[in-house]
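**Q** Turn this into a model:
(2 chains)
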Amino acid sequence: GENVEQHPSTLSVQEGDSAVIKCTYSDSASNYFPWYKQELGKGPQLIIDIRSNVGEKKDQRIAVTLNKTAKHFSLHITETQPEDSAVYFCAATTGFQKLVFGTGTRLLVSP
Amino acid sequence: EAQVTQNPRYLITVTGKKLTVTCSQNMNHEYMSWYRQDPGLGLRQIYYSMNVEVTDKGDVPEGYKVSRKEKRNFPLILESPSPNQTSLYFCASSQSRLRSTDTQYFGPGTRLTVL
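**A** Next up is the predicted model:
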């Protein structure tokens, strides 16, 4: 089955810096890769996703890139703000199998 | 407001005392799921349901039961809780019972401590 690895487990940046979180997956048939953000005391919430027919997707300050050959995808946050502090989860699926999550990255943005 | 609700949000109990965590969604979603979140392990699926009266095991089903008698509700039952079930639990739902590419909507979580 699918296995998703996520790095780093913790990431500290200064406000205004960029943050990058990386994930690798094992199943070459996976074609959908969402990212979820979990704020303190809340459940995860979808922030961006990408499908295998595109290599990059942007939404304001966040972007996701996908390299299907290498089987890895990344979340990029530019101009980080304190409210970006949260736990971020990547996930992967073939579309007809369950969603498999990474182990999470705790992002801390210091003012 | 479209949402997934869970109750209770916090629970401290003792080994062996049966408990139920309720989950309800108001979006008429077919697919519902339970996850547990543990440090360093991420989100692991316990059970899922593709529709009323249809449930199946996830990755870590041991020690848990579920039922889906109504479309909106998906309770998680711990018949005889043990300390290794101390965790943060999330219920989630999504529109389709067939496509895991549909957005999953998560509840606020239930923090369970078993002494």
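**Q** for chain A, what spans make up the strands?
**A** Ranges of strands in chain A, per DSSP state E, are A:4-7, A:10-14, A:19-25, A:32-38, A:45-51, A:56-59, A:62-67, A:72-77, A:86-92, A:100-101, A:105-110.
**Q** Go through the ones you listed and name the closest to B:Gly58.
**A** strand A:100-101 (10.6 Å; CB to CB). (Glycine included, C-beta is placed from N, CA and C.)
**Q** I figured B:Ser93 hits B:Ser24, correct?
**A** No: the criterion here is CB atoms under 8 Å, and B:Ser93 misses it with B:Ser24 at 9.3 Å.
**Q** who's more crowded, the two?
**A** It is B:Ser93, of B:Ser93 and B:Ser24, that has more neighbours when counted by other CB atoms under 10 Å in any protein chain shown, with 28 against 18.
**Q** Next one: that one, what pLDDT does it get?
**A** At B:Ser93, the pLDDT value in this model is 94.
**Q** A:Phe96 now?
**A** At A:Phe96, pLDDT is 68.
**Q** Same question for the one 4 residues further on.
**A** Among the per-residue scores, A:Val100 shows a pLDDT of 91.
**Q** Specify the beta-bridge partners of it.
**A** A:Ala92 (DSSP bridges).
**Q** looking at it, it is touching A:Phe89, isn't it?
**A** No: counting by CB under 8 Å, A:Phe89 is not a contact partner of A:Val100; they are 10.5 Å apart.
**Q** Distance-wise, check whichever residue of chain B sits closest to chain A relative to A:Gly16.
**A** Distances between chain B and chain A by CB to the nearest CB are smallest at B:Phe106, namely 3.1 Å. According to CB to CB, to the nearest Å, B:Phe106 and A:Gly16 sit 30 Å apart.
**Q** Return the set of residues that bridge with B:Thr55.
**A** B:Ser49.
**Q** how about the residues of chain B near chain A?
**A** Contact residues, chain B versus chain A (CB under 8 Å from any CB of the partner chain): B:4, B:40-45, B:48, B:58, B:90, B:92, B:98-101, B:103-104, B:106-109.
**Q** List the contacts of A:Asp27.
**A** A:Gly1, A:Glu2, A:Asn3, A:Ala92, A:Thr94 (CB atoms under 8 Å, 6 or more residues apart in numbering or on different chains).
**Q** Who are the contact partners of the closest residue to B:Val4 other than its chain neighbours?
**A** In space, and not counting its chain neighbours, B:Val4 is closest to B:Gly107: 3.9 Å by CB to CB, 6 or more residues apart in numbering or on different chains. B:Gly107 sits next to A:Gly43, B:Gln3, B:Val4, B:Thr5, B:Gln6, B:Cys23, B:Phe90, B:Cys91, B:Ala92 when contact means CB under 8 Å, 6+ apart.
**Q** No further questions, thank you.
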